[in-house]
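Asks: Let's see this in three dimensions:
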Amino acid sequence: MAEVVTVLLSNGVRMPVIGFGLAAEDVMISKGSAPVDHIKASVLTAIQVGYRTFDTASAYFTEGILGESLKDAFEKGMVSREDVFVTSKLFPGDSYPQDVIPALRKSLEKLKLEYLDLYLIHIPAALRKGVVYPHITPDDVVAMDLQGVWRAMEQCVELGLTKAIGVSNFSSKKISDLLAFSRIPPAVNQVQMHPNWQQKKLREYCKSVNIHVSAFSPLGGPGNSWGSNNVLDNPVIKEIANKHFKTPAQVVLRWGIENGVSVMTKSFNPTRISENFQVFNWKLDEEDHEKINNIRQQRIEFMEKIFVNPINGPFKTAEELWDGEI
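Replies: Next up is the predicted model:
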């Protein structure tokens with residue numbers, strides 16, 4: 001098993017740079033009718049391979065599955081609680097100051113844990129009370145009291161419910177707004193990032209304020225209804241993969257890690273779970289990076305369909321949602 005490579009977050013906690021994501025779309029849509037045993041087996045496989053970061057969210061409906069899997073792993077002596085780094089996210093329907101702590105406690109109950117390593121605001125917006133994923137329309141999206149919600153996130157740290165707090169899908173401007181009043185700054189910003197959407201401006205800004213960037217869908221989300229095969233099918237990526245005798249996915253993940261980003265990859269296929277972890281003990285060269293840097297940029301749009309509402313939403317356009325970082 002390869003050594004676990006980590007990044008030091010601003011709060012002094014170390015986070016492994018490659019993670020196992022649990023955004024299982026069939027579970028998210030059906031709220032649990034997917035093959036749960038298969039997902040649990042995949043988590044245990046990931047632990048055996050060497051994954052130590054596990055990324056879930058209330059909106060994924062996989063917190064309970066991950067909790068059962070980790071409990072099993074702990075009891076079998078595969079890992080201890082201190083060995084793993086667990087991230088979950090605040091559901092936008094709970095993005096109200098008074099609901100943050102209860103939401104985190106509920107997540108911990110499902111995960112069968114006493115604390116999280118990282119808790120993120122999932123989206124820079126809230127949903128009307130009572131809205132349940134996936135039955136969300138643009139009319140359900142409302143402005144979030146960011147200052148009030150962040151105060152509650154800080155209380156989660158002070159109560160020992162999570163070691164670190166952060167955000168997801170935040171632009172540079174939204175982070176800047178948050179930093180203007182935060183007592184505990186966000187340790188992480190988790191965003192869509194891959195060779196087809198490299199987020200250079202955002203990464204540079206986050207680096208300047210000591211916020212770690214973590215990539216969700218670092219392979220472009222293939223297999224998801226909203227995802228794309230364009231990242232892994234890119235001729236440049238394939239050429240580099242052939243050159244190094246690696247898979248396109250390994251090249252893409254290695255590229256992210258070499259750019260100082262942690263990558264939250266998702267697969268429930270045992271072979272790919274293992275392959276995706278083989279991104280250490282080899283490197284891309286300068287020519288590889290230059291070629292990848294010149295790939296035409298195109299964001300995979302999926303949030304815009306729900307969170308942009310030109311009539312009465314908090315974000316009238318995609319430019320407002322991403323503050324021009326599109």
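
Asks: so what's T265 closest to, chain neighbours aside?
Replies: N276 (4.9 Å; Cβ to Cβ, 6 or more residues apart in numbering). (C-beta placed from N, C-alpha, C; glycine too.)

Asks: mind listing what that neighbour touches?
Replies: In this structure, N276 makes contact with 18, 249-250, 253, 265, 267, judged by Cβ atoms under 8 Å, 6 or more residues apart in numbering.

Asks: Also G256?
Replies: The contact partners of G256, by Cβ under 8 Å, 6+ apart, come to 193-194, 215, 218, 262-263.

Asks: Reformat these as TSV; add neighbour count.
Replies: Shown next, in TSV, are the contacts of G256 (neighbours: other Cβ atoms under 10 Å):
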residue	neighbour count
M193	22
H194	29
A215	26
P218	28
S262	26
V263	26
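
Asks: farthest-separated two in those residues?
Replies: H194 and S262 (13.2 Å; Cβ to Cβ).

Asks: overlap in contacts of the two?
Replies: Jointly contacting H194 and S262 under the rule Cβ under 8 Å, 6+ apart are 215, 256.

Asks: Where is pLDDT lowest across the contacts of N276?
Replies: Scanning these for pLDDT, the low point is S267. It has 90.

Asks: So that residue: helix, strand or coil?
Replies: Taken by DSSP: H, G, I helix; E, B strand; the rest coil, the conformation at S267 corresponds to coil.

Asks: Could you count how many residues lie near it?
Replies: Applying other Cβ atoms under 10 Å, we find 20 other residues in the vicinity of S267.

Asks: Now do the same contact list for it.
Replies: By Cβ under 8 Å, 6+ apart, the contact list for S267 reads 42, 273, 276.

Asks: ok, now how distant is it from N196?
Replies: 19 Å (Cβ to Cβ, to the nearest Å).

Asks: F302 versus L253, what's the distance?
Replies: 21 Å.

Asks: Same question for R151.
Replies: Taken as Cβ to Cβ, the span from R151 to F302 is 30 Å.

Asks: Ok, K110 next?
Replies: Counting by Cβ to Cβ, the gap from K110 to F302 is 25 Å.

Asks: Please apply the same query to V279.
Replies: Taking Cβ to Cβ as the measure, V279 falls 26 Å from F302.

Asks: Between the two, which has more neighbouring residues?
Replies: Taking other Cβ under 10 Å, V279 and F302 do not tie; V279 has more neighbours (26 against 16).

Asks: How about the contacts made by that one?
Replies: By Cβ under 8 Å, 6+ apart, the residues touching V279 are 18, 250, 253-254, 257.

Asks: In helices, which of these fall?
Replies: Counting by DSSP state H, the contacts of V279 place 250, 253-254, 257 in helices.

Asks: Those residues into CSV, with extra columns for distance to H122 and neighbour count?
Replies: Below are the ones in helices among the contacts of V279 laid out as CSV (distance: Cβ to Cβ, whole Å; neighbours: other Cβ atoms under 10 Å):
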residue, distance to H122, neighbour count
Q250, 28, 19
L253, 23, 26
R254, 27, 22
I257, 24, 21
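
Asks: what's the most distant pair in those residues?
Replies: Greatest spacing in the ones in helices among the contacts of V279, by Cβ to Cβ: Q250 and I257 (10.5 Å).

Asks: which regions of the stretch 201-326 of the chain lie under the pLDDT threshold?
Replies: Within the stretch 201-326 of the chain, the segments meeting pLDDT under 70 span 225-226.

Asks: Spell out the residue ranges of the helices in it.
Replies: 235-244, 248-258, 270-277, 286-293, 304-307, 318-322 (DSSP state H, counting those that start in this stretch).

Asks: ok, what's across the strand from the residue most central in space within the chain?
Replies: The centroid of the chain falls nearest to F216 when counting by Cα atoms, centre = their mean (4.3 Å). Under DSSP bridges, the beta-bridge partners of F216 are Q192, M264.

Asks: Touching, it and D55? I think so.
Replies: Yes: at 7.5 Å, F216 and D55 qualify as touching, with contact defined as Cβ atoms under 8 Å.

Asks: Pull up the overlap in contacts between those two.
Replies: Common contacts of F216 and D55, defined by Cβ under 8 Å, 6+ apart, comprise 21, 23, 190, 264.

Asks: can you tell me which residues contact the second one?
Replies: For A23, the contacting residues are 55-57, 60, 62, 216, 266, by Cβ under 8 Å, 6+ apart.

Asks: What is the burial count for L116?
Replies: By the measure other Cβ under 10 Å, the count of residues near L116 is 23.
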